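Enquirer: need coordinates for the below:
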Amino acid sequence: MWFTLNDMGTLRDQSKLEEAVEALGRLGFTTLYPVVWNGGYTYYAGTVTQQRQLQTFTLRGLQGQDPLGDLIRLARARGMQALPWFEFGFMAPPSSELATRHPQWLTSKRDGGTTSMSAAGEVVWLNPFRPEVQQLIIDLVLEVVSLYDVDGVQFDDHFSLPSAFGYDAFTRALYQRETGRPVPADPNDAAWVRWRANKLTAFVRRLRSVIRARKPSLIFSLSPNYADFAYKLQLQDWRAWVRAGLVDEVVVQLYRPDLPSFTAELDRAEFAEKTVPMAVALMAGQRLRPTDLGLLGGQLAATRQRGLGVAFFHYAPLWEATSDPMGRLRGLQELLEPSPPLTPPGG
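Expert: Below is the predicted model of the structure:
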């Protein structure tokens, strides 16, 4: 289960969080992914961003507690794992201090544009090939790993670079120096895509090595899009990462509005490999729009038939987005099977 910024009402209230973790444990959830990096902000009590004179936001609970530490403690007591989620990866808002103080860290498209549209609105992209950007990500991850007794860390489809980007001066010079050729005008040129994807893979290898040196047992989790889309459009060759032993679990995002399109995606080759624990992410809902339980039930059944795990994005739509939280809870219980809590969280 993911906990996003939209779940802050639960994360910051100690009693609500206790109820939430208790309920999820009874419903059979095993792993929680709380957000710690979003919009150029860190959502935990760290100093890495302060040291770089970037935006800082020390998240405190309504009762003065550290929400991330609280969630980890509660998850551990229920036998669940907690993997902090670095949601924004290399993505940032154009107005963030991260972007405005370090414009040289940003990459660009062929026309010089530095922004693209995402589910989070207009965003810029940090250049994942620059040493300073790589060090920022490493320092953030090591800070979380050092401050908290986590079971691992998670990145997603934003731990990537849209294929239209990479035309900044730094990357152009690096490509020409290494290949002896100018950067292709076509962002989808096969060699150009492969070179950038390989660079991203090299950083994943470095990041994993640093993480494992700090704590060998940590899980490196990834929640990408399906493999063909991830490689061609996001330069994220995650199947190669898995085959090289760089990733310990994969939770593929399959947010589809109907059952036929969802089951069609499950027939992709990557779902048959299962060389690491693999799950499928289902859309529980968005803000105040919960996904119909009939659709979730069909998607859950299709996923289980293929021997895959299931994750839900995200917590709030399970109960908070419905006028009948108890009825929805009973419906989820029927889908998920373990014994339910007596009352819905926050009820």
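
Enquirer: what ranges does the stretch 101-250 of the chain have for its strands?
Expert: Taking DSSP state E, counting those that start in this stretch as the test, the strands found in the stretch 101-250 of the chain are 115-118, 121-125, 152-156, 219-223, 249-253.

Enquirer: nearest to residue 58, out of those?
Expert: Checking those against residue 58 by Cβ to Cβ gives strand 152-156 as the closest, at 19.8 Å. Heads up, the C-betas are built off the backbone N, CA and C, glycines and all.

Enquirer: before we move on, back to that, okay, the strands of the stretch 101-250 of the chain in JSON lines with mean pLDDT, distance to residue 52 and mean neighbour count next?
Expert: Below are the strands of the stretch 101-250 of the chain laid out as JSON lines (pLDDT from 0 to 100; distance: least, Cβ to Cβ, whole Å; neighbours: other Cβ atoms under 10 Å):
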{"stretch": "strand 115-118", "mean pLDDT": "94", "distance to residue 52": "22", "mean neighbour count": "13"}
{"stretch": "strand 121-125", "mean pLDDT": "97", "distance to residue 52": "17", "mean neighbour count": "19"}
{"stretch": "strand 152-156", "mean pLDDT": "98", "distance to residue 52": "20", "mean neighbour count": "23"}
{"stretch": "strand 219-223", "mean pLDDT": "98", "distance to residue 52": "24", "mean neighbour count": "23"}
{"stretch": "strand 249-253", "mean pLDDT": "98", "distance to residue 52": "30", "mean neighbour count": "23"}
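
Enquirer: can I get those in JSON lines with distance to residue 315?
Expert: Shown next, in JSON lines, are the strands of the stretch 101-250 of the chain (distance: least, Cβ to Cβ, whole Å):
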{"stretch": "strand 115-118", "distance to residue 315": "21"}
{"stretch": "strand 121-125", "distance to residue 315": "22"}
{"stretch": "strand 152-156", "distance to residue 315": "15"}
{"stretch": "strand 219-223", "distance to residue 315": "15"}
{"stretch": "strand 249-253", "distance to residue 315": "15"}
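
Enquirer: can you say which of those strands is nearest to residue 178?
Expert: strand 121-125 (20.8 Å).

Enquirer: what strands line up against that closest one, and which way round?
Expert: Next to strand 121-125 in the sheet, as set by DSSP bridges, lie strand 91-92 (antiparallel), strand 115-118 (antiparallel).

Enquirer: not counting its own residues, what contacts it?
Expert: The contact list for strand 121-125, computed with Cβ atoms under 8 Å, 6 or more residues apart in numbering, reads 90-94, 99, 106-107, 114-117, 161-162, 165.

Enquirer: closest one of those to residue 324?
Expert: The shortest gap between residue 324 and any of the contacts of strand 121-125 belongs to residue 117, at 34.9 Å (Cβ to Cβ).

Enquirer: bridged to that closest one, which residues?
Expert: residue 122.

Enquirer: quick one, which of the contacts of strand 121-125 are buried?
Expert: Buried members of those, counted by 16 or more other Cβ atoms under 10 Å: 90, 91, 92, 93, 99, 106, 107, 114, 115, 161, 162, 165.

Enquirer: thought the third one was touching residue 127?
Expert: By that I understand residue 92. No: the pair residue 92 / residue 127 is not scored as a contact, 11.4 Å apart, by Cβ atoms under 8 Å.

Enquirer: follow-up on the earlier one: how about the strands paired with strand 121-125, which one is nearest residue 221?
Expert: Among the strands paired with strand 121-125, strand 91-92 sits nearest to residue 221 (Cβ to Cβ), with 17.9 Å.

Enquirer: the helices in the stretch 51-200 of the chain, which residues?
Expert: For the stretch 51-200 of the chain, the helices defined by DSSP state H, counting those that start in this stretch occupy 67-77, 97-101, 131-147, 169-179, 190-214.

Enquirer: want to throw these into TSV with distance to residue 285?
Expert: Shown next, in TSV, are the helices of the stretch 51-200 of the chain (distance: least, Cβ to Cβ, whole Å):
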stretch	distance to residue 285
helix 67-77	21
helix 97-101	30
helix 131-147	28
helix 169-179	38
helix 190-214	31
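
Enquirer: I am finished for the moment; much appreciated.
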